[in-house]
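Participant: Let me see the structure of the following:
(4 chains)
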Number of protein chains: 2
Amino acid sequence: MNLKELAALLDLSQTTVSRALNGYPEVSKTTRMRVLQMARKYNYQPNARASSLATGRAMTIGHIIPVHSSNDVGNPIFGEFITGASQTYSANGYELLLSIADHLNEADTYRNIAARGTVDGVIVHSPRRDDPRVQLLQELDIPFVIHGRVPDTTLEYSWIDTNNRRAFRQATKLLIDLGHRQIALINGLETLTFAWLRRQGFEEAMRDAGLTVNPECLSSDELTETHGYHSASSMLAQGNHPTAFLVSSYVVALGVRRAIAHAGLRLGEDISVIIHDDELSFFQNNDPEPQFTATRSSVRQAGVQAAQMLLDIIDDHDRTPRTKLLEAQLTIGVSTGPVRTSGQLTTQR
Amino acid sequence: MNLKELAALLDLSQTTVSRALNGYPEVSKTTRMRVLQMARKYNYQPNARASSLATGRAMTIGHIIPVHSSNDVGNPIFGEFITGASQTYSANGYELLLSIADHLNEADTYRNIAARGTVDGVIVHSPRRDDPRVQLLQELDIPFVIHGRVPDTTLEYSWIDTNNRRAFRQATKLLIDLGHRQIALINGLETLTFAWLRRQGFEEAMRDAGLTVNPECLSSDELTETHGYHSASSMLAQGNHPTAFLVSSYVVALGVRRAIAHAGLRLGEDISVIIHDDELSFFQNNDPEPQFTATRSSVRQAGVQAAQMLLDIIDDHDRTPRTKLLEAQLTIGVSTGPVRTSGQLTTQR
DNA sequence: ATGAGAATTCAAAGCGCTTTGGGCAAAAAT
DNA sequence: ATTTTTGCCCAAAGCGCTTTGAATTCTCAT
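Facilitator: Next up, the predicted model:
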């Protein structure tokens, strides 16, 4: 069923039918009713490609997920973020085009998308500290919102981000207040902004407390369970091992937990751990007594808001950048406790 | 830059330019070269919507992920599967449209997609035992491939699936051979086919060995860490608790591992665990000595193949169903060992 | 009754591409 | 030398929609 057929059926012109369906005022109440009724009866849906061609709007948003190698980890955060964004899109009649593009020919991907006109805007994932995509997208004149930030640029752009620096500063301070002095940071890849900012926050808090960061207590890699395990294992094997870990994600913390158990230590008693919790739906950390003390920030909610921001930008034809900083919530779980000096007896918690 | 402009620039008709670019034979070698060169120079890309309208092919595949409630878990498996599928699409010039649709108005989603003509085919995720989508999609005459199977239908359809039944039969048999008699199954939602088949395989192996399944050793829920933790915890609290667990995913097994540790037992010594490992990229279980004994099957690879199958179906205009059963690989890790009778001494592993 | 203005409706152009059906040389066959 | 074939190219139609500009009918004050 297309517009022509529907119009013929109603004995009306395509113009009138189109206007009736799209809510234009130049159509009488009675005919509008007739049209809507008939359209529902035959489940008429305008052909997306045709209307898109006519209006010049694709009604589609692109999410381009960078992959750094053929066996790169598919970060579970993307799925959660996109689940959120998707809600906003379907509520506004938009579709989501997902493209998993090799980091190396990222530029080509964006150029093609722009030239082919498949999307009205894009969400940029996993920004790096000096990410060339800001400039590229501005040159291509395609609306975009970055999930994260690009600190090393002077350009203005729209972004939504969690206050990673503050979150990790707070978390570090909490550990210091608990008496910890040897604190390790098991971080994501520090070429990525989020991890870099977390490192900043960590170092700031340490500096504020007059503590020095032991380079052996820093580790940075992709957010995998094995990263957590191997990093924590080797740190715990040191003579004067850390008594607390700051861990960049739940997944990584699972590896840290494994390493702690493997070393015969007890989480929350011998060793404290604070994680950043993106509130992944399959890793709930919100029991009355959460497994992990965490700086918590819903990445799904970030997706909802990022999408809304992008749609607003597109609708308003307004290119003045918008920004939104989300604060993480520090919640106490059972993975943290006061520092235990080596000789000290274990007491019941 | 559009076709008209490019043609004008070359002083050729749009017809010839289009043919030159699309590799039709009715164009001389020299002009083809001129066209290609100019196209590259101006980074000409045909407008996707326009060519799609003209050809009637969207060059887009839809992935519709069902959500059962607003706080449904975003299964990490989807992300991994889609990462695989995406490789196939981009290698063939296709795009991926992702739609996260409420299970309740799933039918509408498919109907709309069909009427709006946004995709050339769809991949169906998370099939249930008697999934109405098979009939629906056949009525709508839209090509599709199911990731999984629909056992309770007489209709013919294309699918790709892991041999879940066999995998779990084998895994169960392994545990029985190790001497385990009380074996628990911590499964996914058994309304979903994959979990139901795993249950079948488990029960078959138990029956073959003349063992009865203790209903208290069966648990079925969404594939979350907490599901694993709570199920295993309550089972281990029983007087005659199971000595081995079959667990439907790595994520769930992390909860089981936590429960085992919490109960003061040792994984691989006091308690054996076999998982099904989808080879999620952020949960590598392929060390020389894997953490978990597992039935292993790459869901990313399944995505690659499902996508290829769908594209073949679309290209061939051939609607005879195709099917592919992938065998899981049983690999031994450190999470399994011979059963230990209660009084037995722990020996070095 | 009548002309102005508002309310409806329509025909046709256009979005940017592919593809049909010729057309017009040059080459080959008669 | 004439016809047929081949090679190369083009004009125009059409995909299904939106939107412009004009036409028609209806209202209502004059």
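Participant: Can you list the low-confidence ranges for the stretch 151-300 of chain A?
Facilitator: By pLDDT under 70, the stretch 151-300 of chain A has no low-scoring segment.
Participant: make it 90
Facilitator: Where the stretch 151-300 of chain A drops to pLDDT under 90, the residues are A:239, A:281-289.
Participant: Next one: residue A:16 from residue A:38, what distance?
Facilitator: The gap separating residue A:16 from residue A:38 is 12 Å, by CB to CB, to the nearest Å. Glycine gets a C-beta too; all of them are placed from N, C-alpha and C.
Participant: got the contact list for residue A:45?
Facilitator: With contacts defined as CB atoms under 8 Å, 6 or more residues apart in numbering or on different chains, residue A:45 is in contact with B:112, B:115-116.
Participant: any idea whether it is helix, strand or coil?
Facilitator: coil (DSSP: H, G, I helix; E, B strand; the rest coil).
Participant: those helices in chain A, which residues are they?
Facilitator: A:3-10, A:14-21, A:29-41, A:48-55, A:76-91, A:106-116, A:133-140, A:164-177, A:193-208, A:225-236, A:250-262, A:299-316 (DSSP state H).
Participant: Could you name the helices and strands sitting against the last one?
Facilitator: So that's helix A:299-316. strand A:60-67, helix A:76-91, strand A:121-124, strand A:144-147, strand A:159-162, strand A:323-326 (3 or more CB pairs under 8 Å, 6 or more residues apart in numbering or on different chains; DSSP states H and E).
Participant: Out of the ones you listed, which is closest to DNA strand C?
Facilitator: For those, the distance to DNA strand C is smallest for strand A:60-67, at 15.9 Å, taking CB to the nearest atom of the strand.
Participant: Which residues does the closest one contact?
Facilitator: A:78, A:82, A:85, A:89, A:94-103, A:106, A:109-110, A:113, A:118-126, A:307, A:310-311, B:83, B:97.
Participant: just to revisit the earlier point, PyMOL command to pick out the buried ones of the contacts of residue A:45?
Facilitator: Of the contacts of residue A:45, the buried ones go into a single PyMOL selection, burial set by 16 or more other CB atoms under 10 Å in any protein chain shown:
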select buried, chain B and resi 112+115+116
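Participant: Among the contacts of residue A:45, which one sits closest to DNA strand C?
Facilitator: Out of the contacts of residue A:45, the member with the shortest distance to DNA strand C (by CB to the nearest atom of the strand) is residue B:116, at 15.9 Å.
Participant: quick one, what contacts the closest one?
Facilitator: A:45-48.
Participant: and what of residue A:17?
Facilitator: A:3, A:6-7, A:10, A:35.
Participant: Could you work out the end-to-end span of stretch A:84-98 for me?
Facilitator: Start-to-end span of stretch A:84-98 (CA to CA, to the nearest Å) is 14 Å.
Participant: Please apply the same query to stretch A:229-243.
Facilitator: Stretch A:229-243 end-to-end distance (CA to CA) = 16 Å.
Participant: Go through that stretch and flag the buried ones.
Facilitator: A:229-233, A:235-236, A:241-243.
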